[in-house]
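Asker: Structural data only, the sequence is not supplied:
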C-alpha cells in the first residue's frame with residue numbers, strides 16, 4: 001500500500017493539503033496504490049471494492065449532516081440573542097446543503113445510491129450512525145461545545161478528502177470547508193462568552209466546562225478505531241489521506257491550545273471514550 005509521501009512533479013505538497021490550504025484542483029490521484037493515474041470521475045469507472053467504500057463514506061457524511069439539523073433545529077427559537085438565532089439558521093442551512101451535496105454524489109451510484117438516500121431522509125433523532133449525533137442539545141452550552149468540538153472533527157474529515165481520487169467528491173470539499181469555519185468560530189465564541197460573561201450572556205463557566213467534558217470524548221470517538229481496516233483501504237484507494245490516529249493526534253494538539261485560551265480544561269484523551 002502506498003501512503004502519503006512525495007507527489008508527482010507539479011502536484012501540491014502534502015503540507016498544503018494537511019493544513020487545509022487553498023490549492024488548485026489536480027486531475028491525477030496524489031496518493032495510494034494508483035498515485036499518478038487520472039482520477040475517477042464517474043461511478044462506472046470506480047472498481048467494485050472502491051465503489052463500496054465510496055458509498056459507505058458518503059452515507060456516513062450525509063447522515064451526520066442531516067442529524068445535525070435535527071439537533072440544532074429546536075434552538076432556532078431558543079438561542080439567547082438575535083445574532084445567535086441568525087447563526088443557528090445559517091448552520092442549519094449549511095448542514096442541509098452539505099447533506100444534499102453528498103446525496104447528489106450518491107445519485108451517481110444508481111439504485112444503490114437512491115436506496116441510501118431514501119434511508120437517510122427517513123431517519124429520526126436517535127437513529128444515526130455516530131453517538132455524537134444521537135445526543136440532544138439540552139442546554140445552550142451543548143450547542144457551543146458541539147460546534148466547537150464535533151464540527152471541528154468534521155473539518156478534519158473533510159480535509160482528509162481534499163483532492164481525493166474520486167473527482168466529484170474532491171470538488172465538493174472547498175465550499176463545504178469554508179462554510180464549516182463559521183460553525184467552529186461560533187462554537188468557540190459561545191463557550192468564551194459563557195466563561196467571560198456568565199449569566200449576563202447565558203449559563204456560566206461551570207456549565208461550559210461540563211459541556212467540554214460531555215462533548216470532547218464524543219468528538220475523539222468520531223475519528224474511529226485506531227487500527228481501522230476501512231481507513232487503511234481508504235488511504236490505499238486514495239480517498240482518505242490520514243489514518244484515524246494521525247488525524248486524532250493533530251486534532252488533540254489543536255484543541256488543547258484552543259481550550260486553554262478559553263479558560264477551560266480538557267479531560268484526558270481516554271476519558272469516557274467509547275471508541276478506541
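Answerer: Looks like it arrived, so ask away. Values in this document were obtained by computation on a predicted structure and should not be read as measured data. Numbers count the residues shown, from 1 in each chain.
Asker: so where do the strands sit in this structure?
Answerer: Assigned by DSSP state E, the chain shows no strands.
Asker: Now tell me which helix or strand of it has the poorest mean pLDDT.
Answerer: Using mean pLDDT, DSSP states H and E, helix 14-18 stands out as the lowest-scoring helix or strand of the chain, at a mean of 41.
Asker: Next, the buried residues of stretch 176-194.
Answerer: Neighbour counts over stretch 176-194 (16 or more other Cβ atoms under 10 Å) mark 176-177, 179-180, 183-184, 186-194 as buried. No exception for glycine: its C-beta is placed from N, CA and C like everyone else's.
Asker: Pass me the low-pLDDT residue ranges in this protein, would you?
Answerer: Within the chain, the segments meeting pLDDT under 70 span 1-25.
Asker: Which residue would you name as the spatial centre of it?
Answerer: Centroid check for the chain by Cα atoms, centre = their mean gives residue 154 as the closest residue, at 1.2 Å.
Asker: OK, contacts around that residue?
Answerer: Residues near residue 154 by Cβ atoms under 8 Å, 6 or more residues apart in numbering: 64, 180, 222.
Asker: if I look at the residue lying closest to residue 168 once chain neighbours are set aside, how far off is residue 271?
Answerer: Of all residues not flanking residue 168 in the chain, residue 105 sits nearest, at 5.1 Å (Cβ to Cβ, 6 or more residues apart in numbering). Distance, residue 105 to residue 271, using Cβ to Cβ, to the nearest Å: 36 Å.
Asker: Can you tell me the number of residues neighbouring residue 227?
Answerer: Residue 227: 11 surrounding residues under other Cβ atoms under 10 Å.
Asker: can you give me the helices in the stretch 151-276 of the chain?
Answerer: 151-161, 167-197, 205-221, 229-236, 244-262 (DSSP state H, counting those that start in this stretch).
Asker: buried residues in stretch 67-80?
Answerer: Going by neighbour count (16+ other Cβ under 10 Å), the buried part of stretch 67-80 is 67-72, 75, 79-80.
Asker: what's the closest of those residues to residue 86?
Answerer: In terms of Cβ to Cβ, no member of those lies closer to residue 86 than residue 79, at 8.7 Å.
Asker: and residue 217, how many neighbours does it have?
Answerer: Applying other Cβ under 10 Å, we find 23 residues neighbouring residue 217.
Asker: I figured it hits residue 266, correct?
Answerer: No. Between residue 217 and residue 266 there is no contact under Cβ atoms under 8 Å: 10.0 Å.
Asker: Residue 250: how many residues sit nearby?
Answerer: The number of residues near residue 250, taken as other Cβ under 10 Å, comes to 16.
Asker: separation between it and residue 223?
Answerer: 10 Å.
Asker: With residue 258 instead?
Answerer: Counting by Cβ to Cβ, the gap from residue 258 to residue 223 is 17 Å.
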